[in-house]
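Visitor: predicted model, plus sequence, below.
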Amino acid sequence: ARDTTGLPIPSASVGAHSFPTRALTQRSSVSRFSLVACFFLCFRPCARGFCSGAPRSILSRCVFGSFCSLGHTTPAAARSAEVCGGMATAAAGACPVQAPRVPDNVDRCVAKMVASVDMVSELDQSIAPGVTIFAVPPSATGFPAWSRHEDYIESEADRDRGHADWAVPEGADNSSPRVLFCHGGGYEFYSPQDVYRPTTSRLAVATGMPVFAFDYRLVPEFRHPAQLEDAVQAFLWLAENGPQGPGKASALFLAGDSAGGGLALALAVWLRDHPVEGAHVAGVVVVSPETDLTCGGESYTSRRWQEDGGDTCDPMFRDEDPVAASMPQIYRLLGVPGEHGSFPLTTPDLSVLHAALHDLPPTQIHVGDAEVMLSDSVEFGKKARASGSPVEVHVWPRMWHTFTQYSEGCGGDDAEPLQEAVESLKQQADFLKGLAAILLAR
């Protein structure tokens, strides 16, 4: 099978939803009852058009994974697919209580995140080998130079913001396709130089392309539309400048995660509506993008954290009410609804799920099944596909928000590479390299 990009679709891909094909685990113990349960709980409802909600880990494997553990999935994921009826509990709005089991690498990661005091120590720490990273000051790019508010100063670097980063793998030069990376942090935190260098360096190595991460203005100092304005300016600059200096790009891609993933998608929509002569987006890869600033997806309820709640509970956003906990930050970005100068939560130029999604570039989205923002990805994919745009959504069982930042195994002496993160990055890189090959062949 092929989608509208001309690239092969994995055999476990259907419609707007694509699921990991890294490993195949055959569960010989699947009973006839399990298969019947799969059919009645998963397949038949979908056949009747009841797949409008975010696909849960069980539903994903029942419907799109060729029935339960007989489908393509990871070994860890297959274990939780033994009883397809588990999706009924998730659908009711609570994570199912799970029986004790021998902890594996994913369980160890989750435990470290739950015990974390800063939610940063568990992130990848090392720069990928074979990558040269250098910062580019605002004086060289023309990007806004800005400073953080005193309440947000953690180091002297926060007083001198606006510096972009190049992550250049061995062998890449000005003739290579370029990737514009939008960092995450809820439009309020982080920069290309702090927790994101391990991420951009890995993307650079995997794709063989230079990755350019820009330091867009953050809240509370700068509200919307400053972030999108900075993204547009960065794209225009990147179209004319490579890691070796001035030079037109042979191909341009967008990438990002979390809020940065939403910003990358918003930029793709903006560029569709405001075409740039001689420069267009050839493809997009994003992880756990924030696309709906209303936080209206069902996963904000069904993926809420619960102790001993199983593999679909969010270990990162553990507030009792994730929607209420998210709103203060969103109001800092858009303004309080009803106040002068505020933007609605559905403003389509940033809350991009509410935008028209036709004619988007080929896009691949990776998201965890155990994150409250799952619906942001799935609903975006469904709407984009229905509008004719070639958007794939890869839902990773047991994974949490921006899980690709934890490929080293969440830190500690017992850390082992998180294979789901490693494979997700490989799939993203293969996607971009495949698009680049098609484009350059023309």
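Guide: Nice, thanks for sending it over.
Visitor: from now on I want contacts and neighbour counts done on CA atoms only, so please keep to that.
Guide: OK.
Visitor: just checking, what packs against the lengthiest helix in the chain?
Guide: Across the chain, the helix with the greatest residue count (assigned by DSSP state H) is helix 419-441. If contacts are counted by 3 or more Cα pairs under 8 Å, 6 or more residues apart in numbering; DSSP states H and E, helix 419-441 sits against helix 197-207, strand 281-287, strand 363-368.
Visitor: nearest to Tyr331, out of the ones you listed?
Guide: strand 281-287 (23.2 Å; Cα to Cα).
Visitor: rounded mean pLDDT for that closest one, please.
Guide: On average, the pLDDT along strand 281-287 is 98.
Visitor: ok, then the element right after that strand?
Guide: Following strand 281-287 in sequence order, the next helix or strand is helix 299-302 (DSSP states H and E).
Visitor: centre of the chain to that next one, how far?
Guide: Remark: helix 299-302 is offset 17 Å from the chain centroid, using Cα atoms, centre = their mean, to the nearest Å.
Visitor: again, but for stretch 174-182
Guide: Its chain's C-alpha centre lies 18 Å from the corresponding centre of stretch 174-182 when counted by Cα atoms, centre = their mean.
Visitor: now swap in stretch 188-206 and tell me
Guide: Worked out by Cα atoms, centre = their mean, stretch 188-206 lies 14 Å from the chain centre.
Visitor: list the contacts of that stretch.
Guide: The set of residues that contact stretch 188-206 without belonging to it, under Cα atoms under 8 Å, 6 or more residues apart in numbering, is 120, 123-128, 130-131, 133, 164-165, 167-170, 181, 183-184, 210-211, 213-215, 218-220, 329, 404-405, 425-426, 429.
Visitor: mean neighbour count and distance to Gly242 for the helices and strands packed on helix 419-441 - can I get that in TSV?
Guide: TSV is the format used below for the helices and strands packed on helix 419-441 (neighbours: other Cα atoms under 10 Å; distance: least, Cα to Cα, whole Å):
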stretch	mean neighbour count	distance to Gly242
helix 197-207	25	14
strand 281-287	26	16
strand 363-368	27	23
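Visitor: looking at those, spot the one closest to Ser302.
Guide: Shortest separation from Ser302 across these is recorded for strand 363-368, at 13.2 Å, computed as Cα to Cα.
Visitor: list of residues touching the longest helix of the chain?
Guide: Helix 419-441 is contacted from outside by 5, 7, 22, 177, 203, 206-207, 250-251, 253, 282-285, 364, 366, 396, 399, 403-407, using Cα under 8 Å, 6+ apart.
Visitor: just the helices in the stretch 101-250 of the chain please.
Guide: Per DSSP state H, counting those that start in this stretch, the stretch 101-250 of the chain carries helices over the ranges 105-115, 138-141, 197-207, 226-240.
Visitor: how about these, which one is nearest Asp376?
Guide: Using Cα to Cα, the helices of the stretch 101-250 of the chain put helix 226-240 closest to Asp376, at 18.8 Å.
Visitor: just the angle between the closest one and strand 281-287, please?
Guide: 130 degrees (axes from the mean of the first three to the mean of the last three Cα atoms, to 10 degrees).
Visitor: packing partners of helix 226-240?
Guide: Helix 226-240 sits against strand 178-182, helix 259-273, with contacts defined as 3+ Cα pairs under 8 Å, 6+ apart.
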